[in-house]
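Q: Here is my input, please return the structure:
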Amino acid sequence: MVLAALAGVGWVYNRRQQARWEAVRAQGLRYGLPQLDALHYSRFEDAVRELMHRDGCQDAQRVGGRGDLGADVKATDPYGRRWVIQCKHRRNGAQGSPVGTPDLQILNGTARQVHGADIAVIITNGRVTDPAWTFAKQQRLHVVDRQTLAVWASGSRPLWELLRAVPPPRRPTSLS
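A: Presented below is the predicted three-dimensional model:
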């Protein structure tokens, strides 16, 4: 009888702990655009890595730096898809220089062939030129501009729910 009571108390305690943890997790990591704009470019890459990790990419890592071959963050999502992300932080946000086609050409030349990407993405806290948007569509590259970044960083949904034409999952999961 005492053993059953202790087991019941333990079960209730675990359920409460789990509920508290789920509440904390639901709040999640969030950034506002002013926070992202104020970051150094390397801290912006860290923030992107943290957001991917928040969304379930347990292996998200920052690989940016000299000789990164167009990849600042690499991650595998819960569906088994490999993400390669190039980050372009603009100190002046929307007033900074726009991301252009040359930035996307570098990503396009290395993301799939060198880094094994299923999904190649360029993320900026700034603007993107019209020719860059056109090139991205032609080459199946994903662009996360300032507006999409704001939605994603606010914690509303994972990045793969905000992008169009993301490849299907590689493997079935409990999420699919």
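Q: Quick check: which ranges of this protein have low pLDDT?
A: Within the chain, the segments meeting pLDDT under 70 span 2-27, 171-176.
Q: Swap in 90 and give it another go.
A: 1-28, 64-70, 93-94, 156, 165, 168-176 (pLDDT under 90).
Q: how does it divide up, domain by domain?
A: For the chain, automatic domain parsing gives the domain ranges 1-28, 31-162.
Q: Tell me the gap between the last one and the middle of its chain.
A: In other words, domain 31-162. The chain centre lies 7 Å from the centre of domain 31-162; the measure is Cα atoms, centre = their mean, to the nearest Å.
Q: Find the residue closest to S42 in space, skipping its chain neighbours.
A: Among residues not flanking S42 along the chain, G64 sits closest, at 7.1 Å (Cβ to Cβ, 6 or more residues apart in numbering). To be clear about C-beta, it is placed using only N, CA and C from the backbone, and glycine gets the same treatment.
Q: whoops, L36 was the one
A: Leaving out its chain neighbours, L36 is closest to N125 (Cβ to Cβ, 6+ apart), at 5.0 Å.
Q: Show me the strands in this protein, by range?
A: Along the chain, counting by DSSP state E, strands occupy 61-62, 73-76, 82-88, 119-124, 142-144.
Q: which other residues reach the third one?
A: What that stands for is strand 82-88. Outside strand 82-88, the residues that touch it by Cβ atoms under 8 Å, 6 or more residues apart in numbering are 41, 44-45, 48, 52, 57, 64, 70-77, 99, 103, 106-107, 110-112, 115-124, 126.
Q: Please consider this matter closed, and thank you.
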